[in-house]
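> Got a sequence here, can you model it:
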Amino acid sequence: MSNYKALKYQGWAVAWTAVILVLCNIDLSSSQGSSGFFFTGFDKLAHLGFFYVLTILLFYGKIKYQHNYSFRSLTIFKIILISAVIGGGIELLQWKVFTYRSAEWWDFGCDMIGCLMGVFSYVLLHLSNYNERV
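Model prediction:
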């Protein structure tokens, strides 16, 4: 029952993960050349942004579940691991299922950079919140 209670606070993160899965696996080949919106490296920037937001939402759910901003290394490790599994899963889907998309290590690297940016933001805000209380 405890896992269900913890999961119910992760609704935004689960919804965002679904959005990421859809957006990372749609066929963009017809729109790549026709629009000035997609530039070289847009895909990498999108991966970075997707996983930054995912990490922030995972922390948000954890904070809501705990009712505090406690700082635990295990929580950070779990969030990085969850992000890595989702990012790796997306690349595997692009490699084996959605073959019109290309699986790239650089995409996974940008996923992890976005995740680490989110962790950095959490730690920075946590430390500033902690210092205000002291």
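
> Next one, pLDDT for M1 please.
The pLDDT attached to M1 in the predicted structure is 46.

> my guess is Y60 meets W16, correct?
No. Under the criterion of C-beta atoms under 8 Å, Y60 makes no contact with W16, lying 10.4 Å away. In short, each C-beta sits where N, CA and C put it, glycine included.

> Neighbour count for these two, which is higher?
In this view Y60 and W16 are compared by other C-beta atoms under 10 Å, and W16 has more residues nearby, 18 against 15.

> What helix or strand is the most centrally placed residue in the chain located in?
Nearest to the mean C-alpha position of the chain, counting by C-alpha atoms, centre = their mean, stands F51 at 2.5 Å. Using DSSP states H and E, F51 maps to helix 42-66.

> Just give me how far that helix sits from the chain centre.
Mean-position distance between helix 42-66 and its chain equals 4 Å (C-alpha atoms, centre = their mean, to the nearest Å).

> who's in contact with it?
5-6, 9-13, 16-17, 20, 23-24, 69, 75, 79, 82-83, 86-87, 106-107, 110-115, 117-119, 121-122 (C-beta atoms under 8 Å, 6 or more residues apart in numbering).

> so which strand or helix has the residue lying closest to I76 once chain neighbours are set aside?
Excluding the flanking residues, the one nearest I76 by C-beta to C-beta, 6 or more residues apart in numbering is V119, at 5.7 Å. Taking DSSP H and E as the definition, one finds V119 inside helix 105-133.

> Many thanks, I have nothing further to ask.
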